[in-house]
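[1] Provided below are the primary sequence and the corresponding predicted coordinates.
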Amino acid sequence: MSSTLKLCMPHVSGRGAGLGNELIPWARSVVAGATLGVKVLPPAFGFNHRKYWRHFGTPRYDWLAHRAIEALLPRIDFTEADFYESEGNLTESIKIFSAKHRLDEREAWVITTQGMWGGYRHLIEAREHIKSTLYLSKFAFKNLLKINSRLNPDYITVGMHIRLGDFTSSSNIEDYKGKFNKSLPLQWYINIAKSLQAQLNDKVQFLIVTDGNLDQLKPLLDVCNAVTTIDIPDSDVSDMLALANSDLIVCSVSSYSAWAAFLSESPYLWFEPNLQKINGYYSIWGHEKGQKKENSFTNRNVKSSKLSNEAYSKGAPVPLNGILPINLGEQLLKSKMKKCMRQDLVNYGVVHIK
């Protein structure tokens, strides 16, 4: 029986979602396809009004094929409950799922998956594949060359993601707790910029990725004279990668920012009023059944519920006043020195003889 009759793919409903949302079930499908040795279809981008099909070279009317496949082949949906059949490992969950449904014994099927459940940790096995897919998208390389030409490689780059166009804002700080898809106060970004300038003096530059316009950003631009990508067309993918490549990411409360942080090795800042306090810890996902099931708040890797004032994790909560972890600037400078090409032998650099 031809393997083309056994498929994995994200289920897309409605008119599709933003890039961050689309990537989650796609990444899940990639792991499922690799585990089971079958073909993986990307999301039905042709149905998405944001025209992501242009970035990834998918057919304009792929949604028709998706609908036909789901109608003609036996469809089995891989859900959050299926994932937690294992100890939180996606590959093992897929194997258990396969055995449960006797997929090896069946001649034809399509596994679909949908939704944003599970957090990003459950996608760790797909991380490098998704990153390479983004880099190989149509406009990414050209756009990144343009962005990099605007930045000074000797400065610490702070990437800021600011959602203004399609998110609602609130004057009540409590409205942000546990909520996604809300436009964060521009003053938060301004306060962070001022704090970083105070810690780093003239060694910092800002890169703003936004769906807003220059007039909306003017109060922030007056403070930090940032580089923007507003004038660069087809920048959905390259903006995410530019954020991921920054030395520090200032996130919006969105799956787009979360992907940038997930794909990056750099630290990132999160809006503290959005986080929930649960059992002495901050959490984005603490209200969800999945994180409670994994017992994240009493994890054996956590030694203390109270971190030192000089300690911060990769993701650091920052309040509206923009007060940063006390040694963040120092750590950024040290990290930047390690990346300095003048001290990298294979980059025509030199190393001091001690």
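    Yep, that arrived.

[2] C-alpha from now on. contacts and neighbour counts both.
    Will do.

[3] helix/strand/coil for Gln199?
    Here Gln199 is recorded as helix under DSSP: H, G, I helix; E, B strand; the rest coil.

[4] Name the nearest residue to it, ignoring sequence neighbours.
    Gly329 (5.5 Å; CA to CA, 6 or more residues apart in numbering).

[5] That neighbour contacts Leu200, doesn't it?
    Yes: at 6.1 Å, Gly329 counts as touching Leu200 under the criterion of CA atoms under 8 Å.

[6] tell me, what's touching those two both at once?
    The contact sets of Gly329 and Leu200 do not overlap (CA atoms under 8 Å, 6 or more residues apart in numbering).

[7] Give me the below-cutoff pLDDT ranges for the stretch 151-300 of the chain.
    Residue ranges of the stretch 151-300 of the chain with pLDDT under 70: 166, 168, 287-300.

[8] let's go with 90 and repeat that
    For the stretch 151-300 of the chain, applying pLDDT under 90 flags the ranges 164-182, 201-202, 225, 276-300.

[9] what are the ranges of the helices in it?
    For the stretch 151-300 of the chain, applying DSSP state H, counting those that start in this stretch gives helices covering 186-200, 214-224, 236-245, 255-263, 289-293.

[10] Out of those, flag the one nearest Val350.
    With CA to CA as the measure, helix 236-245 is the member of the helices of the stretch 151-300 of the chain nearest Val350 (24.2 Å).

[11] between that closest one and helix 255-263, how big is the angle?
    With axes from the mean of the first three to the mean of the last three CA atoms, to 10 degrees applied, the angle from helix 236-245 to helix 255-263 works out at 50 degrees.

[12] List the buried residues of whatever helix or strand the residue nearest to Gln199 lives in.
    For Gly329, the host element (DSSP states H and E) is helix 328-338. Going by neighbour count (16 or more other CA atoms under 10 Å), the buried part of helix 328-338 is Leu328, Gly329, Leu332, Leu333, Lys336.

[13] Leaving out the residues flanking it, which one is nearest to the fourth one?
    Closest residue to Leu333 apart from its sequence neighbours, by CA to CA, 6+ apart: Ile156 at 7.4 Å.

[14] wait, doesn't Gln343 sit right on Val350?
    Yes: the pair Gln343 / Val350 is scored as a contact, 5.0 Å apart, by CA under 8 Å.

[15] Those two: who's more crowded?
    Gln343 (15 against 12; other CA atoms under 10 Å).

[16] can you pull the contacts of that one?
    When contacts are counted by CA under 8 Å, 6+ apart, Gln343 touches Gly349, Val350, Val351.

[17] can these go into CSV with extra columns for secondary structure?
    What follows is the contacts of Gln343, written out as CSV (three-state DSSP):
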residue, secondary structure
Gly349, coil
Val350, coil
Val351, coil
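
[18] List the contacts of the residue nearest to Leu333.
    Lys203, Val204, Gln205, Ser246, Asp247, Leu248, Leu332, Leu333, Lys336.

[19] and those as a markdown table, adding distance to Gln216?
    Output for the contacts of Ile156, formatted as a markdown table (distance: CA to CA, whole Å):
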| residue | distance to Gln216 |
| --- | --- |
| Lys203 | 26 |
| Val204 | 22 |
| Gln205 | 20 |
| Ser246 | 23 |
| Asp247 | 25 |
| Leu248 | 23 |
| Leu332 | 29 |
| Leu333 | 31 |
| Lys336 | 31 |
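
[20] so where do the strands sit in the stretch 1-150 of the chain?
    6-10, 39-40, 75-78, 109-113 (DSSP state E, counting those that start in this stretch).

[21] Check which helices and strands the first one sits against.
    Read it as strand 6-10. Judged by 3 or more CA pairs under 8 Å, 6 or more residues apart in numbering; DSSP states H and E, strand 6-10 is in contact with helix 19-36, strand 39-40, strand 109-113.

[22] Specify the stretch among those that is closest to Phe139.
    Nearest of the helices and strands packed on strand 6-10 (CA to CA): helix 19-36, 14.6 Å.

[23] And the closest one, how far out from the chain middle?
    14 Å (CA atoms, centre = their mean, to the nearest Å).
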